[in-house]
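> The following comprises the amino acid sequence and a computationally predicted model.
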Protein chains: 2
Amino acid sequence: MQHLKHCQGLASVFLIRSQSSRISKSIAPSLSVWDAHLSSRWRSTGGHGRQRYFSDRVPKLRFALAGLLAGTGAVLAYRLHQGKVEWAASSAQLPVTQTSALPVYTLEEVTKHCSLDNGVWVTYKGEVYDITAFVAMHPGGDKILLAAGGSLEPYWALYAVHEQDHVLEILSEYKIGVLNTESIKKQESVNALDPYSAEPTRHPALQINSLKPFNAEPPSSILSDNYITPSVIFFKRNHLPVPRVDPETYRLEIEGLPGGVASLTLNELKSCFPKHTITATLQCAGNRRSEMNTVKQVKGLNWGIAAISNATWSGALLRDVLVHYGFGPEVAAKAQHVQFEGLDKDVTGTAYGASIPLNKAVSEEGDVLLAYEMNGEDLPPDHGYPVRVVVPGIVGARNVKWLGKIVVSEEESKSHWQQNDYKGFSPGTDWDTVDFKSAPAIQELPIQSAITHPAEGTSVDANDGEVTVKGYAWSGGGREVVRVDVSIDGGKTWHVAKLRTGDKGQQAPPPPPGKAWAWKLWEIDVPLPHSAQELEIVCKAVDSSYNMQPDTVAPIWNLRGVLSNAWHRVKVKVNEDL
Amino acid sequence: MQHLKHCQGLASVFLIRSQSSRISKSIAPSLSVWDAHLSSRWRSTGGHGRQRYFSDRVPKLRFALAGLLAGTGAVLAYRLHQGKVEWAASSAQLPVTQTSALPVYTLEEVTKHCSLDNGVWVTYKGEVYDITAFVAMHPGGDKILLAAGGSLEPYWALYAVHEQDHVLEILSEYKIGVLNTESIKKQESVNALDPYSAEPTRHPALQINSLKPFNAEPPSSILSDNYITPSVIFFKRNHLPVPRVDPETYRLEIEGLPGGVASLTLNELKSCFPKHTITATLQCAGNRRSEMNTVKQVKGLNWGIAAISNATWSGALLRDVLVHYGFGPEVAAKAQHVQFEGLDKDVTGTAYGASIPLNKAVSEEGDVLLAYEMNGEDLPPDHGYPVRVVVPGIVGARNVKWLGKIVVSEEESKSHWQQNDYKGFSPGTDWDTVDFKSAPAIQELPIQSAITHPAEGTSVDANDGEVTVKGYAWSGGGREVVRVDVSIDGGKTWHVAKLRTGDKGQQAPPPPPGKAWAWKLWEIDVPLPHSAQELEIVCKAVDSSYNMQPDTVAPIWNLRGVLSNAWHRVKVKVNEDL
């Protein structure tokens, strides 16, 4: 695995890392913990694994700058919509406010004001605000400090509540100056030889597990704030460089059906087949792998609890496309799998590949999409632009991105990832004894849940009399989550959490049986026991087949660190002095 | 719940109970433990819960006797087939050998010889054998003592290996006499007022949890000896008295389809629809409930690990029948459930009822049967003669027996068992707080496995160097068991067991994806650690969705004691003196 070399230009990266370590723990305990986690990750990637705030895609950026300097798009480009912010364009807006008479600051100056000790400065639409005095009044609590020393836009985009006039009015009270345009030039220069040189820009909040290929998850503290995860913080799991696909020349090939190889343009895919929309959660097989690493080192990215996200996906039904090109009983009598091949390739030209069982692909109940939209927009580059497979209820690894080819076949995909990677083994199996042929490729995932609030190591106030616990729960195969049990005494006694299937006040109706593709978010206020000084908060979910999570990690440990779904446990202190 | 009154005529019941308590533990440890379990159950049912060996159905028996005395059927009736023995007919054969010059014994005399101390006598085809000297040589080990003091036929019927000439030759060496015909008259007189008076005869090996209604499971020690469980020891789970249904007047009503109520004769069901055969495991929701009782008392029958069995079932596909009577998209647009009503009724006339989701009932993948055969023969009375529903992958309670009515409906069955019984709850929910509407009716069951050998409390020989562990594993919803992990150190280290999908040497091909309706049997020889004095043997299974069993019972405890699928644990001693 390759890592991006340290780069002086990554201002907003450093500010997140450095500022939060200076935040008073008494004021921002949750964030400090998050930061400790982040710092630990930082170390694990050799200190170079942080996110580039500004695009390293110079041509696109220059184009945007030119357009904006000509005075076009100034208003439209900054109208915030949940999950719709383009970071490059956002940065490119800076010159618009350059005409202000207020002091002009550089990004470096802003970056220094990234803590309550040094003052909390943020930028918004090219203007600089000192919000130190506002932090304690922020209705969203400490989360505002995530943006300290950098831009507000990426965070506001996650919380649509900010898109209101009175919020902007409040903000305007704290304006102290404007940014100059020079900061943009400090971005990393593009290394034309790097296969990762054309990677898209990413949200600065993402916690990076690997930069090349890019693998990152949102902070768990914000994961369950939105029922539909904004695309920008939806976990990214790339196996290879992100391919840049020209939608005009894009062709989707289909093999294994009567009449030979079919070829489909993007426009044909969009116009010839009914558009179908589903809400589906995707989860990486390695979600929560870090907990397995605490038992014994495994091979794989050190995912926390947030390699899982939920989105709406639109596209053509794979079933419709296969039937259109001749799938029928004759094919079904022979074929057993549908293989997918991505346009992402390694240096030898080998593409990412995976397959799913035929009956999932062609079933009317399967809802398998050739998706071209995520959350109502074109797929972002990191999520497979222009077309990806979305196989609801199935492990992320089979939801092939940048889809280039579909093969209806008697055989599974021969790819490394299907044959010798995403499979589960006994805790007693090690790299000397493992026989990958002995285990089935992971398809449906087991029942899963985790606690997103409170964070490990934080404190709760004994005077509150109760602790609010929040999290997510999901199961594979379309099995609906029917209950989440929460304990604050390590699993001795249990309380039943409230589940929701949408953002608060926007509950969706229950899914049809076997088609619960989306997660549920849950929440509960548990009364604090009188004498407790520490709580071991635990959650476990139950799905519609009454599958339950195992109690502990060690007995499900496996050498690849996949399928980590033991009870999630979080320890917090009970603070009586607050 | 009612219990059968104590009856002097139940000779073979008492012999099993009394003989095994006298078996030397050093010779028959496994059986002694089984007996302890059995005795404990005996006590729990007030001492009256044992099985009647001979039929209490006098009219049928007299008819059989008359026929046999006329010299007909003598050879055919005693040809043993696995799972095909008729006990009443078997007993009725006694007079055929009455002409022997050997001593004539009564059943009471045979009954006294039910242990190694008092001699081990058995009967076979009306002849009496003293096999005391043979017990140590029996290839099947101690299991032969199950028949001590009674008839061999019920046990031989479970093990087809006995149906060979050389086995009969060995047996003939031990012949000491013949039985008289009088014993038969000592059977319990029929109480015409008892709603349970017409109950069928049952296999004496069954461990009875409740006699009225009849609920019993086979000894766990023999459960996994056959891949296809012989019908006679297939666990019985009746909610009400067994109805006696005349096949000539039987009608199956179908409601909720265009054209009003349809009515179908047994002959029409058999002749108008293709006969479809599947092998499917049924499991009671309360299987392994006894383990939950060790945590805290639950409400329900105290099932051990054998309220699960596997059989082949033949009948018409429910889908075919519904489509024949008008099921189509118009119905599907409204209906969501298919309700079943049994012909078994309580004193108020209320029938047993249940329902399943419509998509399971009508899916081509669902394999739901209106079954009229079990293991190649007419359904036995205890299993729903003449027609029952078999819903593979779904909890036993929805596999309605003695099926009288099918209703395609917008609603679930309103029956007590669907609405207020077979549902799972949090460990924190008690009878004061339970809201049955808050939980879904159990349909698919979660991953399950248990150890059938060795038995709890027995000993293994340190000199063997290893311990052989055997058991079963199954998962609901057609999810295939892909692995069983076995530990002999309480779960610290794990070994992978060998799975089989048939009797040894008769492995079936793997099931199609999502249609693994039948259990897998498993076995493993685990090396004994040098210094171990006691082993805690544990098993846990994994299904094709990589669902795993929870580690412990307490966190899945629920007030009805259903869904008990924690790791199964068995403690045995390591004996170095043997």
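On my side now, so go ahead.

> rest of the way, CA atoms for contacts and neighbours
Will do.

> Any residues of chain A in contact with chain B? List them.
Contact residues (CA under 8 Å from any CA of the partner chain) of chain A with chain B: A:357, A:359, A:424, A:426-428, A:439-440, A:442-447, A:476-477, A:482, A:485, A:491-496, A:513, A:544-552, A:555, A:563.

> what about the strands in the stretch 301-450 of chain A?
Remark: strands assigned in the stretch 301-450 of chain A by DSSP state E, counting those that start in this stretch are A:308-317, A:337-345, A:351-357, A:369-374, A:377-378, A:388-390, A:403-409, A:448-453.

> would you turn the ones you listed into TSV with mean pLDDT?
Formatted as TSV, the strands of the stretch 301-450 of chain A follow (pLDDT from 0 to 100):
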stretch	mean pLDDT
strand A:308-317	98
strand A:337-345	97
strand A:351-357	97
strand A:369-374	98
strand A:377-378	98
strand A:388-390	98
strand A:403-409	98
strand A:448-453	98
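
> Dump these to CSV, plus mean neighbour count and distance to A:Val570.
Shown next, in CSV, are these (neighbours: other CA atoms under 10 Å in any protein chain shown; distance: least, CA to CA, whole Å):
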stretch, mean neighbour count, distance to A:Val570
strand A:308-317, 24, 18
strand A:337-345, 24, 38
strand A:351-357, 24, 35
strand A:369-374, 27, 32
strand A:377-378, 16, 36
strand A:388-390, 26, 32
strand A:403-409, 23, 39
strand A:448-453, 26, 7
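
> Take the ones you listed and write them to CSV, including distance to A:His138.
Listed next are the strands of the stretch 301-450 of chain A as CSV, based on distance: least, CA to CA, whole Å:
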stretch, distance to A:His138
strand A:308-317, 26
strand A:337-345, 43
strand A:351-357, 45
strand A:369-374, 31
strand A:377-378, 31
strand A:388-390, 38
strand A:403-409, 43
strand A:448-453, 18
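
> Phi first, then psi, for A:Ala280.
Dihedral pair for A:Ala280: phi -140, psi 140, per degrees, to the nearest 10.

> how many neighbours does it have?
Number of residues near A:Ala280 (other CA atoms under 10 Å in any protein chain shown) recorded here: 24.

> on that earlier part again, if any of the residues of chain A next to chain B are buried, give me the PyMOL selection for them.
Applying 16 or more other CA atoms under 10 Å in any protein chain shown to the residues of chain A next to chain B, the buried members can be selected in PyMOL as follows:
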select buried, chain A and resi 357+359+424+426+427+428+439+440+442+443+444+445+446+447+476+477+482+485+491+494+495+496+513+544+545+546+547+548+549+550+551+552+555+563
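
> Can you flag which of the residues of chain A next to chain B belong to helices?
Of these, the ones assigned to helices by DSSP state H are A:Asn359.

> mind listing what's buried in stretch A:315-328?
Of the residues in stretch A:315-328, A:Gly315, A:Ala316, A:Leu317, A:Leu318, A:Arg319, A:Asp320, A:Val321, A:Leu322, A:Tyr325, A:Phe327 count as buried by neighbour count, 16+ other CA under 10 Å.

> mind checking the end-to-end distance for it?
22 Å (CA to CA, to the nearest Å).

> quick one: contacts of that stretch?
The contact list for stretch A:315-328, computed with CA atoms under 8 Å, 6 or more residues apart in numbering or on different chains, reads A:257-259, A:262, A:269-270, A:273-277, A:361-364, A:367-373.

> Report the buried members of the residues you listed.
The neighbour-count criterion (16+ other CA under 10 Å) marks A:257, A:262, A:269-270, A:275, A:277, A:361-362, A:367-373 among these as buried.

> In CSV, could you pull the C-alpha coordinates for stretch A:249-265?
Extracted C-alpha coordinates of stretch A:249-265, given in CSV (Å, rounded to 0.1, in the frame of the first residue of the first chain):
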residue,chain,number,x,y,z
THR,A,249,-17.5,7.2,-24.3
TYR,A,250,-18.5,5.0,-21.4
ARG,A,251,-19.8,1.6,-22.4
LEU,A,252,-21.2,-1.2,-20.1
GLU,A,253,-20.6,-4.6,-21.6
ILE,A,254,-22.8,-7.6,-20.9
GLU,A,255,-21.6,-11.1,-21.6
GLY,A,256,-23.1,-14.6,-21.1
LEU,A,257,-26.5,-13.9,-22.6
PRO,A,258,-27.9,-15.1,-26.0
GLY,A,259,-26.6,-13.0,-28.9
GLY,A,260,-23.1,-12.4,-27.7
VAL,A,261,-21.6,-9.4,-26.0
ALA,A,262,-24.0,-6.4,-25.6
SER,A,263,-22.8,-2.9,-25.1
LEU,A,264,-24.8,-0.1,-23.5
THR,A,265,-24.1,3.6,-23.3
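
> so how far is that stretch off the chain centroid?
31 Å (CA atoms, centre = their mean, to the nearest Å).

> Mind listing what's buried along it?
Buried residues in stretch A:249-265 (16+ other CA under 10 Å): A:Tyr250, A:Arg251, A:Leu252, A:Glu253, A:Ile254, A:Glu255, A:Gly256, A:Leu257, A:Ala262.

> Relative to chain B, which of those residues is nearest.
For the buried residues of stretch A:249-265, the minimum distance to chain B (CA to the nearest CA) is 20.3 Å, reached by A:Gly256.

> right, and the helix or strand after the helix or strand hosting A:Val110?
Assigned by DSSP states H and E, A:Val110 belongs to helix A:107-112. Next in sequence after helix A:107-112, counting helices and strands by DSSP H and E, comes strand A:114-115.

> other SSEs contacting that next one?
Contact here means 3 or more CA pairs under 8 Å, 6 or more residues apart in numbering or on different chains; DSSP states H and E; on that basis strand A:114-115 packs against helix A:11-21.

> And the average pLDDT for the helix it packs on is what?
Regarding helix A:11-21, the rounded mean pLDDT is 29.

> before we move on, what about stretch A:245-255?
97.

> same thing with stretch A:476-489?
Regarding stretch A:476-489, the rounded mean pLDDT is 98.

> now stretch A:114-122
pLDDT averaged over stretch A:114-122 gives 91.

> distance between the ends of that stretch?
Stretch A:114-122: ends 8 Å apart by CA to CA.

> Same question for stretch A:509-524.
End residues of stretch A:509-524 are separated by 21 Å (CA to CA).

> Residue in chain A with the shortest distance to chain B?
Minimum separation of chain A from chain B (CA to the nearest CA) falls at A:Pro550, amounting to 4.0 Å.

> Next one: A:Asp503 from B:Asn399, what distance?
Distance, A:Asp503 to B:Asn399, by CA to CA: 39 Å.

> When those two are compared, which one has more neighbours?
Between A:Asp503 and B:Asn399, counting by other CA under 10 Å, B:Asn399 is the more crowded of the two (27 against 14).

> got the contact list for that one?
B:Asn399 is in contact with B:Arg388, B:Val389, B:Val390, B:Val391, counting by CA under 8 Å, 6+ apart.

> Tell me the one of those residues nearest chain A?
Distances from chain A to these, taken by CA to the nearest CA, are shortest for B:Val391, at 14.5 Å.

> My guess is that closest one contacts B:Asp367. True?
Yes - using CA atoms under 8 Å, B:Val391 is in contact with B:Asp367, at 7.2 Å.

> Return the residues in contact with the closest residue to A:Asn420 other than its chain neighbours.
Spatial nearest neighbour of A:Asn420, excluding adjacent residues (CA to CA, 6 or more residues apart in numbering or on different chains): A:Phe436 at 5.5 Å. Going by CA under 8 Å, 6+ apart, A:Phe436 touches A:Gln419, A:Asn420, A:Asp421, A:Lys423.
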